[in-house]
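[1] Structure, please.
(one chain, ligands or ions: 1)
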Amino acid sequence: MTDLAEVRAQVAAWLAEAWDPELSLREWRIRLADSGWACPTWPREWCGRGLPAAAASVVAEEFARAGAVGTPGGVGVRLAGPTILEHGSDELKQRFIRPTVTGEIGWCQLFSEPGAGSDIAGLTTTARPDGDAWVVTGQKVWNTSARHADFGMLLARTDWDVPKHRGITYFILPMRQPGVEARPLRQMNGHTSFNQVFLDQARIPPGNVVGAVGGGWPVALATLAHERRLAPVADPPAPAGQAPAGRALREAAEEWERAMAPYHWYPQRAGRPDLVIERAIAAGRDTDPLVRQEIVRLITLAWSARWTTQRAAAARAAGRPPGPEGSLAKLASSNIARAAARVHALIAGPSGMLAGADDPAGEGGRAEGGGVGMLSEILLSVPAVSIAGGTDQIQRTILAERILGLAREAALDRDEPFRQVHKNG
Ligand SMILES: Cc1cc2nc3c(=O)[nH]c(=O)nc-3n(C[C@H](O)[C@H](O)[C@H](O)COP(=O)(O)OP(=O)(O)OC[C@H]3O[C@@H](n4cnc5c(N)ncnc54)[C@H](O)[C@@H]3O)c2cc1C
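    Coordinates of the predicted model:
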C-alpha cells in the first residue's frame, strides 16, 4: 500500500527544488512531464509515477501549496490521455501523451450527433478507408471547444452491416484541415461553448485508430467513464484577484483564460450550493423558516454526496473494486445543482432574474456580450448537468442494469445490422 505521507514529502521536496516561476510555461511543463508528477497515477513511461488515485489529490494539494502550475485544463489530460493510455497503441502514446501533458496540443470530444446523443451507438457519421488512411463525412454537435482544438476524439461508423455497437471505430481526427468546419452554437445562458462540427471528406492519417477498427464502443465507454468521474475544469493557475508573478504563471494564466473560456459558467452549472448561506444572510432571508428548511435539505444532500465520493476514493486507495458510489456521483451532482438553483430562486425571488450590476450576487461567468448575472446564470445553466456526459435517465438505466441487476432495457435495434435499423431522416 502506498504511503501517502511519503508521497507528500517526495512531491514537496521535488517542487522545492524544481519549481521556478521564471521558466517559460513550456520549459516548466517539460520538466513536469519528465518528473512524473504531471499525472502521478499514469504509468512511469508516460509522464506519471504509477501511483494510486488517492495520491493524485495529495500531489494536487502540494502543487497548490507551492503555487506551482500543473497540467493544462480541458479534456486532453482528463479524457483523451487516459483513453489513449488504456486503449491506444504504443505508437499513439508516443505521439500524443507528452504533447497533451505539456499543453502543446488541445482536444475536443466528437461523439454526439443531431440524431445520436443518449443513443450514441446509433451514430451515422461514416469513415471509409482510403488506402491506409480514412476519409470521414458526417455531422457532430454539442462539441465543447471544437473551434480551438487541434485534435478530436471522434466516433465514426466503419461498418453498416453489423449490429450498431460493433461497427464503430474510435479515431483521433486532426481538426485543422479543410474538411473540418466548427460552427459555434449560442446557449440560453449567453455563452457559446458548443459547436456543430461538419465533416466533409475529412482525412484521418493511418495509425490514428484507438483500439481496433470496429472496436470503438469499449473505447468510447472508457472516455465516458472518465467524463462521469471527473470535472473538466482545472483550477486557475493563480488564485482569483491575485496577479500571477513569474513568467510560467503569467503564460499559464493566458493559457487558462483561452482554454477555459468555454467553461467559465461551469461553477454556476453546478448550482453554487456554496453561495446559498451567504446569499440568504445578505438578502435577510436566513430567518425565514421555509428558506432554512430548504438550505439544510440542500446542504445535507451536498455533504452526503461528498462523503460518498470520499468513501469511493478511500475504497479505491485500499485496492477494493469500484462500487456503486461512482455511478451515483453524476446523478447526485444533477440533484444538487437543481436543488441549489431552487434555493437561490427562493432566496432571491424575482431579483434573481436581474443581470449585470443589478444582480444581487454579482456577475456570472462573463458570457459573450456580458451582463449575465450570477443568479440568472445559475438558473439558466443547471439543466446542463443532467445532460452532459449522459442524461439522468441514462444514468438511472445504467444503475438499474449494472448495479441493481434489473432486466436490460428493451431495444429493437440492438442485434440487427445497423443498415437495416429504422432511422429518422
Ligand atoms: C454542458 C454539455 C457539454 C457537452 N459536451 C459535449 C462534447 O464535448 N462532445 C460531445 O460529443 N457531446 C457533448 N455534449 C452532448 C451530450 O453528450 C448530449 O447532449 C447527451 O448525451 C444527450 O443527448 P441529446 O442531447 O441528443 O438528447 P437525447 O438523447 O435526444 O435525449 C432527449 C431526452 O430523452 C431522454 N432519453 C433518451 N433516451 C432515453 C432512454 N433510453 N430512456 C429514458 N430516457 C431517454 C433523455 O434522458 C433526454 O431527457 C454536451 C452536452 C452538454 C449539456
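[2] Residue of the chain nearest the ligand, please.
    residue 117 (1.9 Å; CB to the nearest ligand atom). From N, CA and C alone the C-beta is placed, and that goes for glycine too.
[3] got the contact list for the closest residue to residue 393 other than its chain neighbours?
    Distances taken as CB to CB, 6 or more residues apart in numbering put residue 118 closest to residue 393, at 7.4 Å, once the chain neighbours are dropped. Residues in contact with residue 118, defined by CB atoms under 8 Å, 6 or more residues apart in numbering, are 390-391, 393-394.
[4] Extract the C-alpha set from the worst-scoring helix or strand of the chain on mean pLDDT and format it as CSV.
    Considering only helices and strands, the least confidently modelled element of the chain by mean pLDDT, DSSP states H and E is helix 247-260, at a mean of 87. Presented in CSV, the C-alpha positions along helix 247-260 are these (Å, rounded to 0.1, in the frame of the first residue of the first chain):
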residue,chain,number,x,y,z
ARG,A,247,6.7,34.0,-16.5
ALA,A,248,5.3,30.5,-16.2
LEU,A,249,2.4,31.7,-14.1
ARG,A,250,1.7,34.6,-16.5
GLU,A,251,1.7,32.3,-19.5
ALA,A,252,-0.4,29.7,-17.6
ALA,A,253,-2.9,32.4,-16.8
GLU,A,254,-3.1,33.3,-20.5
GLU,A,255,-3.5,29.6,-21.5
TRP,A,256,-6.1,29.1,-18.8
GLU,A,257,-8.1,32.1,-20.0
ARG,A,258,-8.0,30.8,-23.6
ALA,A,259,-8.6,27.1,-22.9
MET,A,260,-11.2,27.6,-20.1
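[5] Pull out the buried residues from it.
    Of the residues in helix 247-260, those with enough neighbours to count as buried (16 or more other CB atoms under 10 Å) are 247-253, 255-256, 259-260.
[6] before we move on, what about stretch 122-139?
    122-127, 134-139.
[7] Output the residues you listed as a markdown table; include the columns distance to the ligand and secondary structure.
    Written out in a markdown table, the entries for those read as follows (distance: CB to the nearest ligand atom, whole Å; DSSP: H, G, I helix; E, B strand; the rest coil):
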| residue | distance to the ligand | secondary structure |
| --- | --- | --- |
| 122 | 9 | helix |
| 123 | 10 | coil |
| 124 | 13 | coil |
| 125 | 11 | coil |
| 126 | 16 | strand |
| 127 | 16 | strand |
| 134 | 19 | strand |
| 135 | 21 | strand |
| 136 | 15 | strand |
| 137 | 17 | strand |
| 138 | 12 | strand |
| 139 | 11 | strand |
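[8] Turn those residues into a markdown table, including pLDDT.
    Below are those laid out as a markdown table (pLDDT from 0 to 100):
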| residue | pLDDT |
| --- | --- |
| 122 | 96 |
| 123 | 97 |
| 124 | 97 |
| 125 | 98 |
| 126 | 98 |
| 127 | 98 |
| 134 | 98 |
| 135 | 98 |
| 136 | 98 |
| 137 | 98 |
| 138 | 98 |
| 139 | 98 |
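[9] Show me what counts as buried in the strand or helix carrying residue 296.
    Under the criterion DSSP states H and E, the helix or strand holding residue 296 is helix 289-317. When burial is assessed from 16+ other CB under 10 Å, helix 289-317 yields the following buried residues: 291, 294-295, 298-299, 301-302, 305, 308-309, 312-313, 315-317.
[10] Mind giving me the packing neighbours of it?
    In this structure, helix 289-317 packs against helix 53-66, helix 276-282, helix 325-348, with contacts taken as 3 or more CB pairs under 8 Å, 6 or more residues apart in numbering; DSSP states H and E.
[11] thinking residue 219 is in contact with residue 225, fair?
    No: here residue 219 lies out of contact with residue 225, judged by CB atoms under 8 Å, at a distance of 10.8 Å.
[12] Kindly indicate whether the residue located most distally from the centre of the chain is helix, strand or coil.
    Distance from the centre of the chain peaks at residue 287, with 38.2 Å (CA atoms, centre = their mean). Going by DSSP: H, G, I helix; E, B strand; the rest coil, the secondary structure assigned to residue 287 is coil.
[13] and the residue nearest to residue 393, that's in a strand?
    No: with three-state DSSP as the criterion, residue 118 is coil rather than part of a strand.
[14] Need the pLDDT of it.
    Taken from the predicted model, the pLDDT recorded for residue 118 is 94.
[15] Now residue 332. Nearest residue, chain neighbours left out?
    Leaving aside its chain neighbours, residue 332 sits nearest to residue 305 (4.0 Å; criterion: CB to CB, 6+ apart).
[16] Residue for residue, what is the longest strand the chain has?
    With DSSP state E setting the assignment, residue counts place strand 194-204 as the longest strand in the chain.
[17] What strands line up against it, and which way round?
    Partner strands for strand 194-204, per DSSP bridges, with pairing direction: strand 133-141 (antiparallel), strand 180-185 (antiparallel).
[18] of all the helices and strands packed on helix 289-317, which gets the most neighbours per residue?
    Mean neighbour counts were taken over the helices and strands packed on helix 289-317 using mean count of other CB atoms under 10 Å, and the top value, a mean of 21, falls to helix 325-348.
[19] what's around residue 362, how many residues?
    The number of residues packed near residue 362 is 11, by other CB atoms under 10 Å.
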